[in-house]
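Asker: sequence first, then the predicted structure, then my questions.
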Amino acid sequence: MPNILIDGYNLGLEKGTGVATYARNLSYELKALGHSVSVLYGNRAAPSRESLMREIAFFDSNVGDRNRLLQILDQAHRALLGPLGHFAEDVPITGQVITRTFSARMPAFDHILNATDVFVRSQSAFKLWKTLSRVSVPETPDLVHWTYPVPLRIKRAPNIYTMHDLVPLRLPYTTLDKKRTYYKLMQKLARTADHIVTVSECSRRDIIDLLGVSPDRVTNTYQSVSIPEKYTNKSEAQVAREVEGATGVGYKEYFLFWGSIEPKKNIGRMIEAYLSSGVDAPLVIVGAQAWKSEQELRLLNDEVIRYLSIADGQVRTKKRVIQLSYAPFSLLVSLIRGAKGALFPSLYEGFGLPALEAMLLGTPVICADTASLPEVVGDAAVMVDPYDVAALSNAIRTIDHDADLRTELTARGIKRASNFTPEKYRENLKALYSRFV
């Protein structure tokens, strides 16, 4: 069994991201291909000679400080080594620490490794030295697949890197990345990576055109979508109860957006389009507020998000826009299933996993006609110019009023999603890895 090492850069986040989902799904497919999987994390817990303490510290780094002298010696050693000063050690997962709380976030693995603060420290080192930091691991893997462009490398093994998109270069005003540093890192990886992986033909073209990478050094594997049957097999009645309990609105009686509240997601125009559409169905927004979220949500206030309705001769105040900062995955699946339509008018996406998730679950999709989204949705969604508020508003109104169109899009979406199964993704990975192991 060849051993493949992937990073846990995004897997350690408490609230999942699309990149974390990518890394987790990658680990599942590696196991399905018969590979041994090692996952390298960068938790801040200091090394320990005691295996139980390493296991405890992996799940909770608040284990107390080490001896002050040992800390000083360790910091001095790392400073002298510079970009070479990263050492990973095995983290035993024995079951002595009860970890069911983390089961939904954990990847498939054979070995867990941790190098203290390796991702943060390597980024600082790159700013200073403009070189990739090296990580020493207990056993050299047959292949290293970094699931994100990190300034790290493991010696004596092929190192491939996934570049999901080049949004900080294409839409620099929508991200917080330090653009000079980001560009230099992308250029460095473009020159030194044994191979670059991406998730759409759109991103592949960007990598070739903006970074000057030879086409034979960039492979598009796409992504897959797979949702556990315990979530998809819930009855409509159960889904309706969960939806109403979380939002106060009924099954198939609302529009849904989920994702980070940030400029790239185009939330401001989406809200403007929804409010001008005049539909009665509320808009449910699920997502944590990120950079510039206040600007994206500036249209929302108590007067806007509520309206008066008359039912049974009584006047009631109802919400037009409902915000949830977070929904666990099981509830999110029910929210997607229970929506009248899914809104995804993002300005730019490397892949667009939410659109694919909605199609798999039978929910009609309204999305942008830019970047990778046309590749993903095909003819199974209503696509609009994400900068055209009137067009987006009209699309919302059309989906709201046209039950036959919703039925047609549901059927098309399910069929389209079958092009992105784990089996097809696995075949793409197998073809890629066969070049190295």
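Answerer: Perfect, thanks for sending it. Numbering: from 1, shown residues only.

Asker: Thr162 contacts His195, correct?
Answerer: No: under the criterion of C-beta atoms under 8 Å, Thr162 makes no contact with His195, lying 10.1 Å away. Where C-beta positions appear, they are placed from N, C-alpha and C, glycine not excepted.

Asker: of these two, which one has the most company?
Answerer: Thr162 (23 against 19; other C-beta atoms under 10 Å).

Asker: might you report the residue contacts of that one?
Answerer: Listed by C-beta atoms under 8 Å, 6 or more residues apart in numbering, the contact partners of Thr162 are Tyr22, His145, Trp146, Thr147, Tyr148, Pro149, Ile196, Val197, Thr198, Val199.

Asker: let's go with 7 Å and repeat that
Answerer: Taking C-beta atoms under 7 Å, 6 or more residues apart in numbering, we find Thr162 in contact with Trp146, Thr147, Tyr148, Val197, Thr198.

Asker: give me the phi and psi for Ile285.
Answerer: Phi and psi for Ile285, reported as degrees, to the nearest 10, are phi -110, psi 120.

Asker: how many residues are close by Ser330?
Answerer: Considering only other C-beta under 10 Å, Ser330 is surrounded by 14 other residues.

Asker: assign a three-state SS to it, would you?
Answerer: The three-state label given to Ser330 by DSSP: H, G, I helix; E, B strand; the rest coil is helix.

Asker: surely it is in contact with Pro228?
Answerer: No: judged on C-beta atoms under 7 Å, Ser330 makes no contact with Pro228 at a distance of 8.9 Å.

Asker: residue ranges of the strands in the stretch 301-437 of the chain, please?
Answerer: 306-311, 314-319, 321-324, 341-344, 365-368, 382-384 (DSSP state E, counting those that start in this stretch).

Asker: grab the nearest non-local neighbour of Val197.
Answerer: In space, and not counting its chain neighbours, Val197 is closest to Thr162: 4.5 Å by C-beta to C-beta, 6 or more residues apart in numbering.

Asker: phi, psi of that neighbour?
Answerer: The phi/psi pair for Thr162 (degrees, to the nearest 10) reads phi -90, psi 120.

Asker: repeat for Leu256
Answerer: phi -130, psi 140.

Asker: so who does the closest residue in space to it that isn't next to it in sequence touch?
Answerer: Spatially, and ignoring its direct neighbours in sequence, Leu256 is nearest to Ala339 (3.8 Å; C-beta to C-beta, 6+ apart). Ala339 is in contact with Tyr254, Phe255, Leu256, Thr363, counting by C-beta under 7 Å, 6+ apart.

Asker: could you rerun that using 10 Å?
Answerer: Taking C-beta atoms under 10 Å, 6 or more residues apart in numbering, we find Ala339 in contact with 243, 249, 251-258, 281, 283-284, 358, 361, 363-365.

Asker: so Val377 sits against Arg416, correct?
Answerer: Yes: judged on C-beta atoms under 10 Å, Val377 makes contact with Arg416 at a distance of 6.5 Å.

Asker: check what pLDDT Arg320 gets.
Answerer: Here, the pLDDT recorded for Arg320 equals 88.

Asker: can you list residues touching both of Ser330 and Pro228?
Answerer: Common neighbours of Ser330 and Pro228 (C-beta under 10 Å, 6+ apart) are Ala104.

Asker: give me the element the closest residue to Pro107 other than its chain neighbours is part of.
Answerer: Closest residue in space to Pro107, ignoring its immediate chain neighbours: Ser27 at 3.5 Å, by C-beta to C-beta, 6+ apart. Using DSSP states H and E, Ser27 maps to helix 18-32.

Asker: Lys230 now?
Answerer: Following DSSP H and E, one finds Lys230 within helix 229-232.

Asker: pLDDT (mean, whole number) over that helix?
Answerer: Rounded mean pLDDT across helix 229-232 is 93.

Asker: which residues are in contact with it?
Answerer: 226, 239, 329-334, 336-337, 360-362.

Asker: could you identify the buried members of the residues you listed?
Answerer: Ser226, Val239, Leu331, Leu332, Val333, Ser334, Ile336, Arg337, Leu360, Leu361, Gly362 (16 or more other C-beta atoms under 10 Å).

Asker: contacts only, for the fifth one.
Answerer: What it means is Val333. Val333 neighbours (C-beta under 10 Å, 6+ apart): Ile227, Pro228, Lys230, Tyr231, Thr232, Lys234, Val239, Glu242, Ala327, Glu357, Leu360, Leu361.

Asker: ok, so of those, who is nearest Phe109?
Answerer: Within these, the smallest distance to Phe109 is 18.5 Å, found for Pro228 (C-beta to C-beta).

Asker: related to what we said a few turns ago, what would the buried ones among the contacts of helix 229-232 look like in JSON lines with distance to Ile56 and pLDDT?
Answerer: Output for the buried ones among the contacts of helix 229-232, formatted as JSON lines (distance: C-beta to C-beta, whole Å; pLDDT from 0 to 100):
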{"residue": "Ser226", "distance to Ile56": "32", "pLDDT": "86"}
{"residue": "Val239", "distance to Ile56": "39", "pLDDT": "98"}
{"residue": "Leu331", "distance to Ile56": "30", "pLDDT": "96"}
{"residue": "Leu332", "distance to Ile56": "31", "pLDDT": "96"}
{"residue": "Val333", "distance to Ile56": "32", "pLDDT": "97"}
{"residue": "Ser334", "distance to Ile56": "35", "pLDDT": "98"}
{"residue": "Ile336", "distance to Ile56": "36", "pLDDT": "98"}
{"residue": "Arg337", "distance to Ile56": "38", "pLDDT": "98"}
{"residue": "Leu360", "distance to Ile56": "38", "pLDDT": "97"}
{"residue": "Leu361", "distance to Ile56": "38", "pLDDT": "98"}
{"residue": "Gly362", "distance to Ile56": "43", "pLDDT": "97"}
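
Asker: grab the nearest non-local neighbour of Asn359.
Answerer: To be clear, residue 359 is Met; Asn isn't right here. Distances taken as C-beta to C-beta, 6+ apart place Gly413 nearest to Met359, at 3.2 Å, with adjacent residues excluded.

Asker: repeat for Tyr28
Answerer: Using C-beta to C-beta, 6+ apart, the closest residue to Tyr28 is Ala108 (5.0 Å).

Asker: could you confirm that neighbour falls within a strand?
Answerer: No: Ala108 is assigned coil when assessed by three-state DSSP, not a strand.

Asker: ok, now how distant is it from Ala23?
Answerer: With the distance defined as C-beta to C-beta, to the nearest Å, Ala108 ends up 11 Å from Ala23.

Asker: so those two - more neighbours on which side?
Answerer: Applying other C-beta under 10 Å to Ala108 and Ala23 shows that Ala23 carries more neighbours, namely 24 against 16.

Asker: any idea how far that one lies from Asp7?
Answerer: 7 Å.

Asker: what residues are shared contacts of the two?
Answerer: Common contact partners of Ala23 and Asp7 (C-beta under 10 Å, 6+ apart): Val39, His145, Trp146, Thr147, Tyr148, Thr162.
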